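When you get a sec, could you give me coordinates for this:
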Amino acid sequence: MQGILETLRGGVGLILGLILLLLLIATFISELVPKLRGRAGSPELISRVRAWWVMAGLFVLAVLVGKRVGIAFIMFLSYLALKEYLSLIPQRSADRKVLLWAYLAIPLQYLWVFTGRYGMFIIIVPVYLFLLLPFRLMLTGITQNFLRASSTLHWGLMMTVFCLGHLAYLLVLPPLHPAGGVGLLLYVVLVTQFNDVAQYVSGKSFGKHKIVPQVSPGKTWEGFIGGLICTAVLAVVIAPVITPLSVWEALILGVLLPAVGFIGDVTMSAVKRDLGVKDASSMIPGHGGILDRVDSLMFTAPVFFHFIYYFVYGPYR
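Numbering: from 1, shown residues only. Purely as a prediction, here's the structure:
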């Protein structure tokens with residue numbers, strides 16, 4: 001309890017109040033406004049907002065209870081994302097014998113997060129599993145579509161385990177601000193998710209010119225620019241509250257993260273189109289699956305982490 005109170009005093013409490021305010025506004029718009037006008041609200045929008053309450057509540061509770069619980073929560077998120085990914089991709093019967101090795105990558109990767117071993121954290125999936133998994137696939141004796149199976153499996157591990165793992169490593173970085181790693185984690189998650197919502201609202205309100213209509217017909221330049229501007233403002237305003245970022249660093253991230261999040265969003269859209277599905281699953285009402293919810297985060301997490309690691313913690317500061 002003492003640790004939670006100290007974290008809340010470090011500026012985190014103010015940001016949690018902001019998140020609560022945003023959720024209340026979204027609930028008012030999605031449910032109360034239609035009722036006041038005597039008509040039914042959009043079922044999809046209502047489901048999306050209610051799901052946001054659950055997701056935000058679970059996330060905030062996990063990171064506030066303690067560093068280890070927060071890391072375990074993100075590790076479980078990696079497991080759900082990988083499981084969902086493996087349920088989508090085409091597999092040969094022989095590939096199922098290798099899936100256990102893919103799942104073992106999760107505790108192996110997060111072990112280095114728990115122990116703060118950055119050197120191993122940064123190479124275990126990109127290097128050692130990149131070398132090991134094709135060898136294990138080779139032992140099945142099936143060579144047809146070997147390269148496709150190997151690359152598809154490793155791409156999923158990179159996205160769901162390696163990239164999302166950067167969120168967890170933020171929690172073990174030495175504190176340069178009273179909010180510590182919790183503040184950094186809240187910052188990148190809030191900025192990324194806010195950008196998704198801001199791009200969606202801007203696109204719905206003003207969108208005319210499509211960016212990649214063959215991949216994601218709903219993405220427009222108006223939505224992208226509107227989301228970027230709103231997110232940049234938010235990133236600069238909340239930075240001094242929960243992070244050690246200067247104004248210029250926050251401004252750079254305020255532009256960089258929305259752009260990278262957009263890339264993650266449309267990249268996963270291309271993957272789903274290739275697989276012939278609209279949503280990765282129906283696990284989260286109104287949102288789709290875990291992959292649909294973390295597609296932007298899988299790209300912004302490593303970019304934010306390495307910006308912080310080299311320009312705030314590192315020798316370039």
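
so Val215, which of the three states?
Following DSSP: H, G, I helix; E, B strand; the rest coil, we place Val215 in the coil state.

Check the gap between it and Asn195 for me.
To Asn195, Val215 is 18 Å away according to Cβ to Cβ, to the nearest Å. For glycine as for every other residue, the C-beta is placed from the backbone atoms N, C-alpha and C.

Buried residues in the helix with the most length in the chain, which are they?
Longest helix in the chain by number of residues (criterion: DSSP state H): helix 247-275. By neighbour count with 16 or more other Cβ atoms under 10 Å, helix 247-275 contains the buried residues 249-254, 256-262, 264-269, 271-272.

now do stretch 25-36
Buried, per 16+ other Cβ under 10 Å, within stretch 25-36: 26-27, 30-31.

neighbouring contacts of it?
40-42, 45-46, 48-49, 52-53 (Cβ atoms under 8 Å, 6 or more residues apart in numbering).

what does stretch 297-308 give?
Contacts of stretch 297-308 (Cβ under 8 Å, 6+ apart): 81, 159-160, 162-164, 166-167, 169-170, 173, 184, 187-189, 191-193, 249, 252-253, 256-257, 260-261, 263-264, 267-268.

one step back: neighbour count winner among Val215 and Asn195?
Using other Cβ atoms under 10 Å as the criterion, Val215 and Asn195 rank with Asn195 on top: 28 against 18.

now the angle between helix 247-275 and the strand or helix carrying the more buried one, please.
Using DSSP states H and E, Asn195 falls within helix 180-206. Taking axes from the mean of the first three to the mean of the last three Cα atoms, to 10 degrees, one finds that helix 180-206 is oriented at 60 degrees with respect to helix 247-275.

helices or strands next to helix 180-206 in the packing?
Packing partners of helix 180-206 (3 or more Cβ pairs under 8 Å, 6 or more residues apart in numbering; DSSP states H and E): helix 13-27, helix 43-65, helix 67-88, helix 164-169, helix 221-242, helix 247-275, helix 297-307.

Low-confidence stretches in the stretch 1-150 of the chain?
1-9 (pLDDT under 70).

Does Leu164 touch Leu77 like I think?
Yes: Leu164 is within contact range of Leu77, at 6.3 Å (criterion: Cβ atoms under 8 Å).

and the protein, what are its domains?
1-65, 68-172, 178-316 (the TED database).

Need the outlier residue of the chain, farthest from its centre.
The C-alpha centroid of the chain is most remote from Gly38, which lies 37.2 Å away (Cα atoms, centre = their mean).

Secondary structure element for it, which one?
Short version: Gly38 belongs to no helix or strand, going by DSSP H and E.

For Ser281, which three-state class applies?
Assignment for Ser281 (three-state DSSP): coil.

Tell me which residues touch it, please.
With Cβ under 8 Å, 6+ apart, Ser281 has these contacts: 84, 87, 288-291.

Just the closest of those residues to Thr220, please.
Among these, Gly288 lies closest to Thr220 (Cβ to Cβ), at 20.2 Å.

hang on, isn't Thr160 packed against Ile89?
No: at 11.7 Å, Thr160 does not count as touching Ile89 under the criterion of Cβ under 8 Å.

So the two - more neighbours on which side?
Neighbour totals were compared for Thr160 and Ile89, and Thr160 leads with 28 against 16 (other Cβ under 10 Å).

and that one, that one's in a helix?
Yes: membership of Thr160 in a helix is supported by three-state DSSP.

Report pLDDT for it.
In this model, Thr160 is scored at 96, pLDDT.

Same question for the one 3 residues further on.
The pLDDT attached to Cys163 in the predicted structure is 97.

which residues touch it?
Per Cβ under 8 Å, 6+ apart, neighbours of Cys163: 298-299, 301-302.
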